[in-house]
Every structure is written in structure tokens, then in C-alpha cells.
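**Student:** Give the three-dimensional model of this entry:
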Amino acid sequence: MTDRRLTRRRLLKTLSLAGAAALSGCSGQTSPSSTPTISGTETNESADGAKGGIPMFRYDAANTGHRPDGTGPTAEGTETWRVETDGPVRSSPAVVDGSVYVSSVDGVVYALGDGGRVRWNTEIGQAGISSPAVVDGTVHVGGSDGLYALAAADGSEEWQVDTPGPVTSSPTVVDDAVYVGDNEGTLLAFERTGAERWRRELAGTTERNGRRDPSENRLSVGGQQAQSAGDAVSTPAVDDGTVYVATAKELYAVDADSGEPQWSSRFDTAAGTDGSRVERLSGGDSTTGVERLQTTRTVPSSPAVVDGVLYVGQYPDTAAVDAASGERVWQAGTPSRTDGAAAEPPQSRLQVATVLMGSPAVADGRTLVGGDRFVGLETESGTVEWERSLSVRSSPAVVSETAYVGTTDGSVVGLDAESGTTEWSVDTAGSVVSSPAVHDGTVYVGDLDGWVYAFE
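**Tutor:** From the prediction side, this is the model:
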């Protein structure tokens, strides 16, 4: 299977180079013969489609993963359709105006209409981990050589910009700007035309003997594993004129208009077990005004920001950070347990996962995050309210009062966000690290066997 995918990709590249002169302005769309397999009922897509939807990874620019006014499935888990791609689907679908947009590790972005019908598929090169952001008729998505903007109508390329490293994080589109990070530690802002607004080199790389050590800087970007060495930047969260991102070791806040740093934050592993103390270097950084916090922790997820607080997964647990200062508010599990009994170290710290892969969802006073377990935390204090024995590498989507998340066991489950009780579940062919997109009673998700699904 792997050899077939690689052969197909090399063939497409060869044909593209050979026909460049004759096909000037070609979008890179694959030919009809390479259309993926569809399993399910094909119907004609309506002209208007369902308006609204899930425009980007984590639903909104703040990465909350919460859609309070949405509706999830009411049935007991029925597969409506599935589409097979030529590579694992690690990205999370966007659902806009009746179409589903998703990228695959085969290096192709797909637009799927009613019944899973392939409206178009456009090759953007290897990677295929970045989740599309679809705004005002344009699909923004990262690839191995930069950021792409494709026409949502037909997949043709509107513009493409090179970045210092591959883009495996997902773009965040706010007003007239597109924010994205690459795998070389660079945070960039572009105009919606593709013109660069600013770039910021982030200083979170790990060095040994004065040289970058790639083994220390692999980041799971919002639940999607970065494949290249370097200091990958998470999917940006944008709120109130500030862009928040995580690298492998550090959180950053920068001004959305100028890219000027506001603060950077690292967690101290020697902090007290009550989760209250943070070590701050005296004076901060005299050249940038960035104040640093010491840590050896890894920050392997994209931050969410709600009501002036950032929530982020940091190996091996979860933390809340003041968005204005970078000061830690709590670290998951350090307060007393739900029975009110104070726990002694090391049990006082909730170790959510041996490897934390997903980004948190924040909804209705609760923070939900997954790893080797799936956990519900009280947002104000970080107290553990419930936990479930689910192996989770995707990021949860909370719709109304239900949290939908994929598992490595090959399933998608819907749990009551307040109690953690399972309300809905379906099986998939492969492990799910893609984050579900839930819209109008349907759950859309991909799996590592290369399928994209619609479940009701």
C-alpha cells in the first residue's frame, strides 16, 4: 500500500514538471483517474449547501473546541458514507457550506460534497497534516513547502507562500490576517492576499553544545504529530489582539498586528505541589521585554484561550496560564481530588498521559483533554471531575453538552461533558488522531487507514 502511494506521488510530480509549459497556471489538481474510493450513497450536492459549519481546526480562532449552538447525532451511531484517500488522515475536517475539506498524508487536499462525492482534490506536496481553514471561499492549509490558499469552489491555487520550514500546524484566520507556524520555530502572519505582514523567530529550540538538537524538538501539533525535525509551532490561538502559540518547550504571546512579543512562559518542574509557585527570571529579556519562566517540560498541544486564561497540554499533564502575564494559574490534578481529600505527592499531580497528543477543549466551566486517559477538569481550579480509560490522541470537540473524540483503538465516542458518561460511539477501520468536526447532526473525521467518514 505504501509503495503504491509513493509511486503515485512521484508520477504526479513527473507529469506536473513535464506539462508545466502546456498547463500554465495549473492548480495541481489530480486527474479523475486518481479519484479516491467512495463507500456510501452518492447524491447530488445542493447548490446552496448547509450554511455555517466548522471553518477551522478547534472550531474558532481561540481554539476552544466548543460549539455551544451546534447539534450532534441523535441516532446510535450510523455510518452515512466514507471516502478512501491514499494516505493516513491526521488532519481534522473543516465543514463549510455543505462541503467537507480535509488533507491527507498523501499530500492532497480533498473537498467532499453530498454523500462523500469528491468535488475536487488538489495536490500540495507531502505533509498533509495541517487542517484546512476555510473562510470567505478560500481554503488555507499548510504543506511541506509553505502555506497554500485554494479556491473552495474548484481547488485552484489562489496563492502559495514559502515558509522557512514545513507547515504541519493549522492556519488561524482572523479578519484580514492568516496566522500560522512552521516546523522551524517561526510564527508568521499574512494578509489574506498572501502578502507577508510579519514573522517572529521563536526562541524555544533546544540546543546541545551550541547546536540545535532535533530529537528534543518534535511536537505534536494540536494532536497531529510533526514529522520533521525542528521546533514546530502549534496552531495559533488568537484573542483580543494577541496571538498565542506553543513550541516544544515554551508558550508565547505576541501582538497580532505587529508580531512584537508580549511574554513567553515556561513551567518549572520544581514548583510546589500546590501548583501555585512559578520561578521567574529577574528582569526578563531586556531586548524584547519577554519575561521567561524556567522549565524542562514539553508543551505538545495547541493552546485554547477563554476569558483571559490559556489552557494547554504540557507533558505529562495540563495547565492554565494567565493570558495577560504568562503566570501559571493551576496545573491539572494539583488541587484536591473531587472527594475533597488532599493528595500527597506524587499522586497530587494528574499525569494525564505518558504521551499527551491532543489539545484541550474548554466548555461550560470544564476543560477536556486526552492522552492515555480522557479527563474532565474543573476549569477554575483544575480539579479532576472525571476520567475515562480511553487512549486519545485527537482533540475533543464539544457540541452542546457532548464531547466527541477519536481513540487509538479505532472508534469515535461521544461523552457527556459533565459526567464523562458515554452517550454515543462508532467504530472506524483504523486509529483516529484526527479531531472530529460535528455539524448539523453529523460527525466528520478521518483515520490512519486513510478513510474520511460521516457518522450520524
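
**Student:** buried set for stretch 407-423?
**Tutor:** Using 16 or more other C-beta atoms under 10 Å as the test for burial, stretch 407-423 gives 407, 408, 410, 411, 412, 413, 414, 415, 417, 418, 420, 423. Glycine gets a C-beta too; all of them are placed from N, C-alpha and C.

**Student:** Strands of the stretch 151-300 of the chain, start to end?
**Tutor:** 157-161, 172-174, 177-181, 186-191, 196-201, 207-208, 211-212, 220-221, 224-225, 237-239, 242-246, 251-255, 261-265 (DSSP state E, counting those that start in this stretch).

**Student:** Can you tell me what sits against the first one?
**Tutor:** Yep, that's strand 157-161 we're talking about. Residues from elsewhere that reach strand 157-161, judged by C-beta atoms under 8 Å, 6 or more residues apart in numbering: 27-28, 122, 138, 145-151, 190, 193-194, 196.

**Student:** The same query, at a cut-off of 6 Å, please.
**Tutor:** Defining contact as C-beta atoms under 6 Å, 6 or more residues apart in numbering, one finds that strand 157-161 is touched by 27, 146, 147, 148, 149, 150, 151, 194.

**Student:** Flag the shaky bits of the stretch 51-200 of the chain, pLDDT-wise.
**Tutor:** 51-52, 126-127 (pLDDT under 70).

**Student:** low pLDDT regions in the stretch 251-400 of the chain?
**Tutor:** Scanning the stretch 251-400 of the chain for pLDDT under 70 picks out 267-300, 314-316, 333-357.

**Student:** and the two most separated of the buried residues of stretch 407-423?
**Tutor:** Distance extremes for the buried residues of stretch 407-423: the farthest pair is 410 and 418 at 26.4 Å, using C-beta to C-beta.

**Student:** So what's the residue count around residue 117?
**Tutor:** Number of residues near residue 117 (other C-beta atoms under 10 Å) recorded here: 19.

**Student:** How much space separates it from residue 449?
**Tutor:** With distances taken as C-beta to C-beta, to the nearest Å, residue 117 is found 21 Å from residue 449.

**Student:** same thing with residue 393?
**Tutor:** According to C-beta to C-beta, residue 393 and residue 449 sit 15 Å apart.

**Student:** So for the two, which residue has more residues nearby?
**Tutor:** Counted by other C-beta under 10 Å, residue 393 and residue 449 do not tie: residue 393 has more neighbours, with 27 against 17.

**Student:** Might one say that residue 170 is in contact with residue 235?
**Tutor:** Yes: the pair residue 170 / residue 235 is scored as a contact, 4.4 Å apart, by C-beta atoms under 6 Å.

**Student:** Give me the common contacts of those two.
**Tutor:** Residues touching both residue 170 and residue 235 (C-beta under 6 Å, 6+ apart) are residue 57.

**Student:** Excluding chain neighbours, give the residue nearest to residue 447 in space.
**Tutor:** Distances taken as C-beta to C-beta, 6 or more residues apart in numbering put residue 430 closest to residue 447, at 4.0 Å, once the chain neighbours are dropped.

**Student:** what's near enough to touch that neighbour?
**Tutor:** Contact partners of residue 430, counting by C-beta under 6 Å, 6+ apart, are 410, 447, 448, 449.

**Student:** Can you tell me which of these is nearest residue 386?
**Tutor:** Closest to residue 386, out of all of those and judged by C-beta to C-beta, is residue 410, at 23.1 Å.

**Student:** neighbours of the residue lying closest to the closest one once chain neighbours are set aside, just the number please.
**Tutor:** Excluding the flanking residues, the one nearest residue 410 by C-beta to C-beta, 6+ apart is residue 428, at 5.0 Å. Per other C-beta under 10 Å, the neighbour tally for residue 428 reads 23.

**Student:** Then residue 75?
**Tutor:** Residue 75 has 10 neighbours, counted by other C-beta under 10 Å.

**Student:** what do you get for residue 97?
**Tutor:** 16.

**Student:** So it versus residue 55, what's the distance?
**Tutor:** Counting by C-beta to C-beta - residue 97 and residue 55 are separated by 10 Å.

**Student:** got it, and residue 166?
**Tutor:** Distance of residue 166 to residue 55, given as C-beta to C-beta: 23 Å.

**Student:** Name the residue in the two with the higher neighbour count.
**Tutor:** residue 166 (24 against 21).

**Student:** What separation do you get for residue 92 and residue 394?
**Tutor:** Taking C-beta to C-beta, one finds residue 92 at 8 Å from residue 394.

**Student:** can you list residues touching both of those two?
**Tutor:** Going by C-beta under 6 Å, 6+ apart, residues that sit against residue 92 and also against residue 394 are 434, 435.

**Student:** Can I get stretch 145-156 as PDB, trimmed to CA atoms?
**Tutor:** Extracted in PDB, the C-alpha atoms of stretch 145-156 (Å, rounded to 0.1, in the frame of the first residue of the first chain):
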ATOM      1  CA  ASP A 145       6.900  23.900   1.300                       C
ATOM      2  CA  GLY A 146       4.700  26.600   2.900                       C
ATOM      3  CA  LEU A 147       1.200  27.900   3.100                       C
ATOM      4  CA  TYR A 148      -1.400  27.400   0.400                       C
ATOM      5  CA  ALA A 149      -4.600  29.200  -0.400                       C
ATOM      6  CA  LEU A 150      -7.000  27.300  -2.700                       C
ATOM      7  CA  ALA A 151     -10.300  28.300  -4.100                       C
ATOM      8  CA  ALA A 152     -13.100  26.500  -2.200                       C
ATOM      9  CA  ALA A 153     -15.100  26.300  -5.400                       C
ATOM     10  CA  ASP A 154     -12.700  24.300  -7.600                       C
ATOM     11  CA  GLY A 155      -9.400  23.700  -5.700                       C
ATOM     12  CA  SER A 156      -7.400  26.000  -7.900                       C
END
